Each structure stands twice: as structure tokens, then as C-alpha cells.
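Engineer: Got a sequence here, can you model it:
(one chain, ligands or ions: 1)
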Amino acid sequence: MTTRLAPTDQTARDLFAPIASNYDRWSAVLSMGQDPRWRAEMVERLGAPSDARVLDVAAGTGLITRLLQRRVRQVVSLDLSADMLAMAHARGATAILATAEHLPLANGTFDAVTFGYLLRYMPEPIIAMRELFRVMRPGGVIGMVEFGRPSGIWRPLWWLYTRLLLPAAGVIAGRGWTRVGWFLGPSIDAFFDRYADDEALAALWRSAGFVDVRLARPSLGGGLLMWARRP
Ligand SMILES: C[S@@+](CC[C@H](N)C(=O)[O-])C[C@H]1O[C@@H](n2cnc3c(N)ncnc32)[C@H](O)[C@@H]1O
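Structural biologist: Just a heads-up that it's a prediction; the model follows:
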């Protein structure tokens, strides 16, 4: 059970509590059906062996966890939202309520780590990246799914989508989705203002200790996938 929550962690918890019960459906709708594909590609290219023990951080309702469960020996789901994690647990996940910045886990425990849509919630993503590194064994692999921010001619269309259509769809979805609809566009912008290109993102991962950092930007740059290895 988490006892310490930074203000930004509390914000994330408040954001997700009211949308946990219908997160799976509306997250797919709001990404125009893209994010299930991104998760599948991330897990597919992660390269975790079938006997691996995997930690899925910011697991939410367990969408990445479930993809992993079909492939590997053991998956542990971790999240700071009890409401989101309850959905994962109800579907059979082994769940830990904790923050990514303070993992209550021993060094070198996992053969692989995954995380989806996490770093944007953090003022200092490097703290979580170092924690993920710490709990992986040497030679372990890590994969991430995140929204991207398209460039070139797609940027203005993406801006219109995130600033007009998403908020409108959030209102239609109701409950906590209205807040999510307004939150997402500026949150993605702030992250990519800070980590503006592949090199800046790779440098963040390398400064936590990871090597062989790879990136993909599916769906015209609307998604961002990353993988790396602990040496
Ligand atoms: C958009 S959901 C993504 C859930 C899942 N990874 C997926 O692909 O659907 C983001 C999740 O990150 C969790 N989260 C945000 N900040 C966190 C932190 N500091 N530590 C652990 N979980 C966090 C939220 O509670 C939420 O469940």
C-alpha cells in the first residue's frame, strides 16, 4: 500500500479513479483504435523469453499485463491507482499498489519491465527510469508505450484533434473523461517540448543506465514505442 504520494502522483490518481471501470473501451475509442496496436507491437518486439518474470508498471486495468500473460511465465502489475489496479486484479493479475518512483521491490528481480503512458505524469521521469533499471536483472529488457506528437503536416491536424475532438469526445464519454479529454493534449505537448526528439528521449533512458535504446513512432507519429536493455 502506498503511503507517500507526491502532488503529481495524487493528480494521476484523481484523474484515473473515475474512469477505471470503462477505461479499456474509451481509451481505444479516443486513440481512434490505435493504442491496442501500439501495446501489441511493444510486447511483440520486447523479446521477453517465455520463462521470463515481467513487471508491468503503470499497469492500469492490465491491458499490457494481459498481452504479456499470453507469452511469459509470470507478470506482476504495479500502479498507484487502486481503482485502476482493481480492474487488473479482477482479471487475474498479481497486483502491487505503489508508485514507479519508489518500487517496493528488490534489486534485479525481473527479467523484463514494461510501462505504458507513465512518464508524462512525472516532473522528474529519470527517478522512475532509475527505479525500473534497478529492479531489472543485468541483460533484462524494457519496453514502453506512449502517445507521440506528429510532426510536419500532421501536427496541425493532431493539434485540432487533441484540442477540439478529444475534449468533445470526453464530454460524450462522461464522468471523469471530460477532464481527461482536456488534459491529454497539453500533457503530450509539455512532454515533447521537454523531450523534443529521439535523441533527447534516448538520452533520458541512457542516463538511467539503459543501452541499445530503440524507438518507433507508429500511426503517423501519434504513438511512441521504446525498447532498451540493461547491460
Ligand atoms: C493511461 S493509464 C495506462 C494504463 C496501461 N499502462 C495501459 O496501457 O492502458 C496510466 C496509468 O499510470 C498510472 N500512473 C501514473 N503515475 C504513476 C506513478 N507515478 N506510479 C505508478 N503508476 C502511475 C495511473 O494510475 C494509470 O493507471
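
Engineer: residues from the protein in reach of the ligand?
Structural biologist: Contacts of the chain with the ligand, taken as C-beta under 6 Å from any ligand atom, map to 9, 12, 16, 27, 39, 58-60, 63-64, 79-81, 84, 99-101, 116-118, 121-122, 145. C-beta here means a position set from N, CA and C on the backbone, and glycine is covered the same way.

Engineer: what's the longest strand in this structure?
Structural biologist: strand 136-147 (DSSP state E).

Engineer: which ones are touching residue 80?
Structural biologist: 2, 5, 9, 12, 13, 97, 98, 99, 100 (C-beta atoms under 8 Å, 6 or more residues apart in numbering).

Engineer: can you count the residues close to whichever residue of the chain sits closest to the ligand?
Structural biologist: Residue of the chain nearest the ligand, by C-beta to the nearest ligand atom: residue 60 (2.5 Å). Neighbours of residue 60 under the rule other C-beta atoms under 10 Å: 25.

Engineer: Between strand 136-147 and the longest helix that the chain contains, find me the angle.
Structural biologist: In the chain, taking DSSP state H as the definition, the longest helix is helix 177-194. Relative orientation of helix 177-194 versus strand 136-147 (axes from the mean of the first three to the mean of the last three C-alpha atoms, to 10 degrees): 110 degrees.

Engineer: average pLDDT for helix 177-194?
Structural biologist: The average pLDDT within helix 177-194 is 94.

Engineer: mind checking how far the next helix or strand after that helix is from the chain centre?
Structural biologist: Using DSSP states H and E, the next helix or strand after helix 177-194 towards the C-terminus is helix 198-207. Between the centre of helix 198-207 and the centre of its chain there are 17 Å (C-alpha atoms, centre = their mean, to the nearest Å).

Engineer: by contact count, what packs against helix 198-207?
Structural biologist: Using 3 or more C-beta pairs under 8 Å, 6 or more residues apart in numbering; DSSP states H and E, the elements in contact with helix 198-207 are helix 125-135, strand 211-216, strand 223-229.

Engineer: Which pLDDT does the model give the residue sitting furthest away from the middle of the chain?
Structural biologist: Distance from the C-alpha centroid of the chain, by C-alpha atoms, centre = their mean, peaks at residue 153 (26.5 Å). pLDDT for residue 153: 95.

Engineer: ok so, going back, just checking, what packs against the longest strand of the chain?
Structural biologist: Short answer (3+ C-beta pairs under 8 Å, 6+ apart): strand 136-147 packs on helix 35-46, strand 110-116, helix 177-194, strand 223-229.

Engineer: thinking again about what came up before, and the helices and strands packed on helix 198-207 as CSV, adding distance to residue 177?
Structural biologist: As requested, those are arranged in CSV below (distance: least, C-beta to C-beta, whole Å):
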stretch, distance to residue 177
helix 125-135, 25
strand 211-216, 28
strand 223-229, 20
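
Engineer: can you tell me which of these comes nearest to residue 20?
Structural biologist: Proximity to residue 20 (C-beta to C-beta) singles out helix 125-135 among these, at 21.3 Å.
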